[in-house]
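**Student:** Structure for the following, please:
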Amino acid sequence: MTILEFPRRELAAVLDQLRKDRNFMKQVAHWKEIEPAAAQYRDYPGDISSKLQAVLSGLGYKKLYRHQEEACRSVRSGENVVVVTPTASGKTLCYNLPVLQTILEDAAARALYLFPTKALSQDQVVELQEIIDLLEEDIKTYTFDGDTPPGVRTTIRAAGHIVVTNPDMLHRGILPHHTRWVKLFERLRYVVIDEVHHYRGVFGSHLANVIRRLKRICAFYHARPQFICCSATIANPRELAEKIIGQPVRLIDRNGAPRETKHFIFYNPPVVNQQLGIRRSVIHEATRIARQFLSGGIQTILFARSRLNVEILVTYLREAMIRQRKPADLIRGYRSGYLPRERREIESGLRSGGVRGVVSTNALELGIDIGRLDCCIMVGYPGTVSSTWQQAGRAGRKSGVSAALLVASSHPLDQYIVNHPDYFFKQSPEKEVINPDNLVILMSHVKCAAFELPFED
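**Tutor:** Numbers count the residues shown, from 1 in each chain. Okay, the predicted model is just below:
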């Protein structure tokens, strides 16, 4: 039996069945239906070439969403921007469009893309390369990370129009060797920092100092790049972006992308020990709920809080598949420690439908394109309002009705959230805080800066 032969039910039918299940509904602390919203479109800015517009139209971008048009227009006018819109709202085009248009106008222009993970870098390069191939222009895009072979690195330094990397490689592999990257730094027009909300605390404080060093080297080569930042919903996106890049930033947060109906369900497992307040295992309850969606052919993602829990859930769900006489490989795990080839295979399987269910740590919380997922099950509260919305947004990226379920553990924070749903739904996301001037962090980067370019007396 092939995957396509497995019966598939509509998500609405599975949700309706759950509503009629008394045992399930008895444990539902809150069921919120988030209403859909229509798209708000804008025409392409007048300075975007007809050729680029034609290629993007062929890919389905016949018009831009409001935030995409506003971001492109602001960048083209010379402003630094931070774009803050929900998951799957098309933030990628907010930087690809102005970058590609600038390179079409000036073949010597360069751009540097920073992503927090290798997986996200690879994913974005594939999408960008598709546009470039259709343009039939000589725009060279390369990923520069720890997996890049030495021979290819020479080519990237000499000819890369768009260099895609991560903060660690910028810190260790590019800035200390800037004399090998003269063509990049002399004509660097744009620096893109995606998933900027990821850079908080000590990590964000280090990145802010790496950007200081980057700007110092750019100034040495008489370049003043613009910064384009993208973020998930947080309470202080402009403040965070301005601290990271050290310059004023325009906030673009009026989302123009459409939103379909989403069912957000808080599920609290039954109590097994009243005196101690212990509830039934969150792992077993999440497995049982996931089986109901998977058996209906609903493509589902589960987020677990540890790598161990990922492997336990994968084992339980695979056993369930085998009992139903379905291939165990319909269920895959996704976490750090997997080889790049394995990760690419899983991501491809999710996009094609060959993988019906995936269990992940927060590694898939970032904006990697994993296709059309209908249901997200969070196995325990992720810890922040922002992360919860980010994980919930992984379902419904390219589909209609979607569902997000938070299955609470016995942990006090989980119990507070599911028993006070108004706190969650009315609470603004958390602020992200960094301190680039922390003396310990700052002095370590001063040493790096002195190595890269000696300070003048």
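
**Student:** for the stretch 1-150 of the chain, what spans make up the strands?
**Tutor:** 28-34, 41-42, 64-65, 81-84, 110-114, 141-143 (DSSP state E, counting those that start in this stretch).

**Student:** Would you mind finding the most buried of those strands?
**Tutor:** strand 81-84 (a mean of 27; mean count of other Cβ atoms under 10 Å). Every residue, glycine included, has its C-beta placed from N, CA and C.

**Student:** Can you give the strand pairings for it, parallel or anti for each?
**Tutor:** Each strand paired with strand 81-84, and its direction, by DSSP bridges: strand 226-231 (parallel), strand 250-252 (parallel).

**Student:** right, and V433 touches F203 too?
**Tutor:** No: judged on Cβ atoms under 8 Å, V433 makes no contact with F203 at a distance of 11.6 Å.

**Student:** Redo the strands paired with strand 81-84 as CSV? Include mean neighbour count and mean pLDDT.
**Tutor:** Formatted as CSV, these follow (neighbours: other Cβ atoms under 10 Å; pLDDT from 0 to 100):
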stretch, mean neighbour count, mean pLDDT
strand 226-231, 26, 96
strand 250-252, 20, 97
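
**Student:** still on that earlier bit, any chance of the strands of the stretch 1-150 of the chain in TSV with distance to L251 and mean pLDDT as columns?
**Tutor:** Below are the strands of the stretch 1-150 of the chain laid out as TSV (distance: least, Cβ to Cβ, whole Å; pLDDT from 0 to 100):
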stretch	distance to L251	mean pLDDT
strand 28-34	24	96
strand 41-42	18	96
strand 64-65	16	96
strand 81-84	6	97
strand 110-114	19	97
strand 141-143	28	93
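
**Student:** what's the closest of the ones you listed to G296?
**Tutor:** Set against G296 and scored by Cβ to Cβ, these come closest in strand 28-34, at 18.4 Å.

**Student:** circling back: to R356, which of the strands of the stretch 1-150 of the chain lies closest?
**Tutor:** Nearest to R356, of the strands of the stretch 1-150 of the chain and by Cβ to Cβ, is strand 28-34 at 24.6 Å.

**Student:** Give the helix, strand or coil label for V446.
**Tutor:** Classification of V446 by DSSP: H, G, I helix; E, B strand; the rest coil places it in helix.

**Student:** Per-residue pLDDT of D457, please?
**Tutor:** D457 carries a pLDDT value of 60.

**Student:** Let me have the strands of the stretch 1-150 of the chain in a markdown table, extended by distance to N419.
**Tutor:** Below are those laid out as a markdown table (distance: least, Cβ to Cβ, whole Å):
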| stretch | distance to N419 |
| --- | --- |
| strand 28-34 | 6 |
| strand 41-42 | 41 |
| strand 64-65 | 37 |
| strand 81-84 | 30 |
| strand 110-114 | 40 |
| strand 141-143 | 45 |
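
**Student:** for those strands, which one sits closest to D16?
**Tutor:** Evaluated over these, closeness to D16 peaks at strand 28-34, with 12.2 Å, by Cβ to Cβ.

**Student:** and the closest one, what other elements does it pack with?
**Tutor:** strand 262-267, helix 412-419, helix 421-426 (3 or more Cβ pairs under 8 Å, 6 or more residues apart in numbering; DSSP states H and E).

**Student:** on that earlier part again, between the strands of the stretch 1-150 of the chain, which one is closest to T384.
**Tutor:** Using Cβ to Cβ, those put strand 81-84 closest to T384, at 15.7 Å.

**Student:** All set now, cheers.
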